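[1] next input, structure requested:
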Amino acid sequence: MGHRIAELLPSESITTAGTKTVDLNINDPISRITVQLRLVNNLSVPTAHPATAVSKIEVCDGSDLLFSMSGKEASALNFYDKGYLPFSSVNYENNIYSTVEFHLDFGRYLWDKLLALDPRRFNNLQIKITHNLVTGGSTPDAGWIAVIVHAFDNGDISPQGFLMSKRVYSYALAASGQEKIVLPADYDYRKILFGSLSDGNSPTSQIANVKLSVDNDKHVLVNNMSVSDLVKMLAPAKVKEAFYGIGTGAAVSYFVAPTYEQTVLVGPMENTLAATVTVNQGSGGSTDILSDNNKAFQAISQGHAPHGHIALPQGDQLDPTDWLKVAQASSIALTLTAGAAVGASSTAEVLLQQLRTY
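    You can find the predicted model right below:
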C-alpha cells in the first residue's frame, strides 16, 4: 500500500479577492485535502482571526457538493474530528506571517482504507476556495494559498464511501427565538455541529438550548438540553492556539479560536519586561491584552467551542454501523433556542458530517 502527498496547487498569491478553482486531476482515492493559507500583516492592529480570510471551501462535482464550509467551520470540524486544531501560527504583528491550515478529511482518520474520496466515482471533481485576505489578521496586504492532496498511491483499495461535510442551514439569530430545522434525511449522520460566533459573547449565551429528535419526537436524542452543559460534556479536549502580538500601551482585542471558558497565558518576547501586562478573560473568540508600547509578547489561548461551534457526535465515531441511520427515521429535526441577549447581527449555523456510500 503506497501513500503520496501531491501539491495540487503550489503556493499562489491571493492579493485580489476572489474564488480559486482547481481541478482534482487525480485518479487515486483521496484521504485528505489540505488547504494552507498564509497572510502577511500590514499593521499590528488585529481585525479578525486569520481563518476569516477564507469564507468558503467547496469540493464539488458539477452542482453536487461533497464538502462546503468556511475556513472557521472547517477548523471547528477538524478539532472535533481530531481533538486538536491543524497547524496554526497566528501572528498579529506588522509585516509578519500568519499561517493556518484546513483539513478536508474524507475518512475517519488519515489513510482510512474504508472511507476515502474516490475520483473514479465522479465526472469532474474540483475544489473552490473563496478568499479575501484583508478580512483576516491585521489588515494583510499579501497572502498565498496552497492545496495539497494526500492520496493512496497504487489505487489498490476500494473505499465503501466517504465523509461528506458541509453547512446545511444558516439563519439570523434573534434573542430568545426558537428555530426548528428539519435536517436532510439522505445519508447517515456521523456528526452534527451547531453554533453562533459573536465577538464578546459566549456561544452558550448565543444558543441556550438544543433539542434533537427523530420522527416527530418519537425518539428524542437530546431533550432541550442546556448548551452550556453539552459543551462541557462533549468536549474531546481543550482548544489550544498560540498567537503573537505587540503592545500599544492600551488594551487591544486579539482574535482566537476558543470561544467558551477561554483563558490566555502571556509571555514576553523582549530583553526587558513590560511594566504592565493585563489580560481580560474574553468570550466569543476575542480577548483584550494590555501591554506596554512596542513590547512584543507570545501567548497561548485555550478553552472550548472552536469558532463558536459545538458538536453532537452520533455514536461510536470509528464504527459506521453505530452512526445515526436515516433509513430508520422519517424525519430528523434540530431545534435551537437562542439566549435572552445575543450579539447584534448574529447568525447561527448547522453543519453535518455524513457517510456517503458509493
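[2] now the helices for the stretch 151-300 of the chain?
    203-206, 227-234 (DSSP state H, counting those that start in this stretch).
[3] E179: which of these is closest?
    With C-beta to C-beta, the closest approach to E179 among the helices of the stretch 151-300 of the chain belongs to helix 203-206: 12.2 Å. Backbone N, C-alpha and C define where each C-beta goes, glycine included.
[4] avg pLDDT for the closest one?
    Helix 203-206 shows a mean pLDDT of 96 in the predicted model.
[5] helices and strands around it, which ones?
    Packed against helix 203-206 by the contact rule (3 or more C-beta pairs under 8 Å, 6 or more residues apart in numbering; DSSP states H and E) you find helix 227-234.
[6] tell me which residues of the helix it packs on are tucked away?
    V227, S228, L230, V231 (16 or more other C-beta atoms under 10 Å).
[7] show me which pair in those is furthest apart.
    Top of the distance list for the buried residues of helix 227-234 (C-beta to C-beta): S228 and L230, 7.4 Å.
[8] which among the helices of the stretch 151-300 of the chain is found nearest to R120?
    Closest to R120 of the helices of the stretch 151-300 of the chain is helix 227-234 (C-beta to C-beta; 36.5 Å).
[9] nearest residue to L334 in space, ignoring adjacent ones along the chain?
    Leaving out its chain neighbours, the residue that sits closest to L334 by C-beta to C-beta, 6 or more residues apart in numbering is I181, at 4.8 Å.
[10] how many neighbours does that neighbour have?
    Neighbours of I181 under the rule other C-beta atoms under 10 Å: 15.
[11] could you do D64 as well?
    The local packing of D64 (other C-beta under 10 Å) involves 12 other residues.
[12] which residues touch it?
    Going by C-beta atoms under 8 Å, 6 or more residues apart in numbering, D64 touches F122.
[13] re earlier: what would the helices of the stretch 151-300 of the chain look like in CSV with distance to S138?
    Output for those, formatted as CSV (distance: least, C-beta to C-beta, whole Å):
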stretch, distance to S138
helix 203-206, 25
helix 227-234, 29
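[14] which one, of those, ends up nearest to E241?
    Taking C-beta to C-beta, helix 203-206 is the member of these nearest to E241, at 16.2 Å.
[15] pull that closest one out as PDB, backbone CA atoms only.
    Output of helix 203-206 as PDB, limited to C-alpha atoms (Å, rounded to 0.1, in the frame of the first residue of the first chain):
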ATOM      1  CA  PRO A 203     -21.700  30.600  22.200                       C
ATOM      2  CA  THR A 204     -23.700  29.200  25.100                       C
ATOM      3  CA  SER A 205     -25.500  32.600  25.500                       C
ATOM      4  CA  GLN A 206     -26.000  32.900  21.800                       C
END
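[16] what residues are bridge-paired with Y189?
    Beta-bridge pairing for Y189 (DSSP bridges): L324, Q354.
[17] not counting sequence-adjacent ones, nearest residue to T287?
    V264 (5.1 Å).
[18] the helices in the stretch 1-150 of the chain, which residues?
    According to DSSP H, counting those that start in this stretch, the stretch 1-150 of the chain carries its helices in the segments 71-82.
[19] between the helices of the stretch 151-300 of the chain, which gets nearest to F243?
    helix 203-206 (19.7 Å).
[20] and stretch 68-83, what's its mean pLDDT?
    Taken as a whole, stretch 68-83 has a mean pLDDT of 98.
[21] quick check, distance from that stretch to the centre of its chain.
    Remark: stretch 68-83 is offset 3 Å from the chain centroid, using C-alpha atoms, centre = their mean, to the nearest Å.
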